[in-house]
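Q: quick one: sequence plus predicted model below, questions after.
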Amino acid sequence: MKTNNEMLLEVEGLKKYFDVGNGKTLKAVNDLSFGIRQGETLGMVGESGCGKSTAGRTILRLYEPTAGSVNFQGQNIVKAKGSTLKALRREMQMIFQDPYASLNPRWKVEDLIAEPIDIHGLANGAKERKMQVERLLDRVGLRSEHARRYPHEFSGGQRQRIGIARALAVNPKFIVCDEPISALDVSIQAQVVNLLQDLQREMGLTYLFIAHDLAMVKHISDRVAVMYLGKMVELAESEELYANPKHPYTKALMSAIPVPDPDVEESKERIVLTGDLPSPVSPPSGCHFRTRCPFATEKCANEVPIFREVEPNHWAACHYA
Ligand SMILES: Nc1ncnc2c1ncn2[C@@H]1O[C@H](COP(=O)(O)OP(=O)(O)OP(=O)(O)O)[C@@H](O)[C@H]1O
Ligand SMILES: [Mg+2]
């Protein structure tokens with residue numbers, strides 16, 4: 001993928017806390033700072049509940065952040081109001097894991113895809129609206145007669161194509177893809193990934209691509225961020241992260257990916273996670289990962305590791321990285 005060093009989006013100190021009753025706070029997103037370059041795909045991985053979707057939604061301000069800023073081409077979306085916010089929203093879209101749940105079953109595909117066009121007033125009259133919908137259908141590999149059908153008439157992969165067409169309708173620059181292929185049959189996953197990559201090339205899109213496991217994001221991502229309990233623990237170029245993981249949690253995730261070569265598989269450093277994922281309402285002191293880390297020391301219990309650049313362009317939050 002063609003990227004340059006210019007940041008399209010810069011996230012600084014982003015936090016999203018949820019009040020979960022009894023005076024308790026769940027720190028779903030706990031102080032994220034990173035940038036996404038123009039034209040790149042940044043993969044974001046981590047176990048269920050580590051805050052990936054919350055991060056994606058807070059970046060788009062679908063959730064009000066508890067703290068922090070999100071600068072999109074120099075404009076802070078957290079502070080934006082009225083028409084500025086609306087204009088920013090048009091640039092930033094989301095594709096969801098479950099396309100069926102995100103599509104109103106009583107609407108025809110035509111109206112589902114045209115909804116964002118209508119909201120942003122992007123079509124001059126019914127004819128132009130129809131033409132735009134047809135162009136979008138074509139772009140995502142569906143046919144114009146699909147416009148008059150309802151979501152239940154489509155397969156999972158086709159529904160995700162409808163979701164993608166909806167996101168593209170406003171001609172955005174940035175899309176949060178929140179596990180867009182996790183719910184699809186394995187045979188369909190590659191098709192949807194290829195479509196997203198083609199669209200990226202044709203339209204110069206920038207993606208935040210959220211996934212459960214490292215294997216899934218490896219090929220799509222220019223860089224990969226690993227999340228654990230609301231924090232980023234590692235961030236590096238995709239190749240570099242796989243070849244040279246620095247954080248024990250990343251190494252543990254990597255241990256779970258089988259390598260085809262038996263010699264490599266046998267000699268691979270293997271870290272097996274022990275213990276359960278702690279509750280994000282009461283994470284461990286110091287390093288949140290220490291309760292499952294085979295290398296944890298007293299320092300890890302007492303000091304929060306700083307997310308630092310351990311090698312050029314390779315960031316990790318571990319005292320011993
Ligand atoms: N609206 C909410 N109110 C309270 N807690 C929430 C809310 N949304 C998310 N959470 C909690 O925040 C944490 C992060 O959730 P999130 O959905 O962002 O994780 P995730 O990494 O996307 O998980 P998954 O891989 O299962 O999609 C979880 O503990 C979740 O229970
Ligand atoms: Mg999620």
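A: That came in fine, so what should we check first? Ligands and ions are numbered 1, 2, ... in the order given.
Q: got the contact list for the one residue in the stretch 201-321 of the chain that gets nearest to ligand 1?
A: Using C-beta to the nearest ligand atom, the closest approach of the stretch 201-321 of the chain to ligand 1 is made by Pro280 at 4.5 Å. All C-beta atoms are positioned from the backbone trio N, CA, C, and that covers glycine. Each residue near Pro280 by C-beta atoms under 8 Å, 6 or more residues apart in numbering is listed here: 26-28, 49, 51, 229-230.
Q: per-residue pLDDT, the spatially most central residue of the chain?
A: Among the residues of the chain, the one closest to the centroid is Ile210, at 3.1 Å (C-alpha atoms, centre = their mean). Here the pLDDT value assigned to Ile210 is 97.
Q: does the strand or helix carrying it come close to ligand 1?
A: Element membership for Ile210 (DSSP states H and E) is strand 206-211. No. If you take C-beta under 6 Å from any ligand atom as the test, strand 206-211 misses ligand 1, and the best it gets is 6.9 Å.
Q: same question for stretch 180-197.
A: No. Judged by C-beta under 6 Å from any ligand atom, stretch 180-197 makes no contact with ligand 1; its nearest approach is 8.4 Å.
Q: need the residues that contact that stretch.
A: For stretch 180-197, the surrounding residues in contact (C-beta under 8 Å, 6+ apart) are 1, 95-99, 140-141, 155-157, 160-161, 163-164, 177, 207, 209, 211-212, 216, 219-220.
Q: go with 6 Å
A: 95, 97-98, 156-157, 160 (C-beta atoms under 6 Å, 6 or more residues apart in numbering).
Q: by neighbours, which of those residues wins?
A: Of all these, Gln160 has the most neighbours under the rule other C-beta atoms under 10 Å, reaching 30 neighbours.
Q: wait, what's in contact with it?
A: 99, 192.
Q: look up phi and psi at the closest residue to Leu253 other than its chain neighbours.
A: Nearest residue to Leu253, sequence neighbours excluded (C-beta to C-beta, 6 or more residues apart in numbering): Leu214, at 5.1 Å. Backbone geometry at Leu214, expressed as degrees, to the nearest 10, gives phi -60, psi -40.
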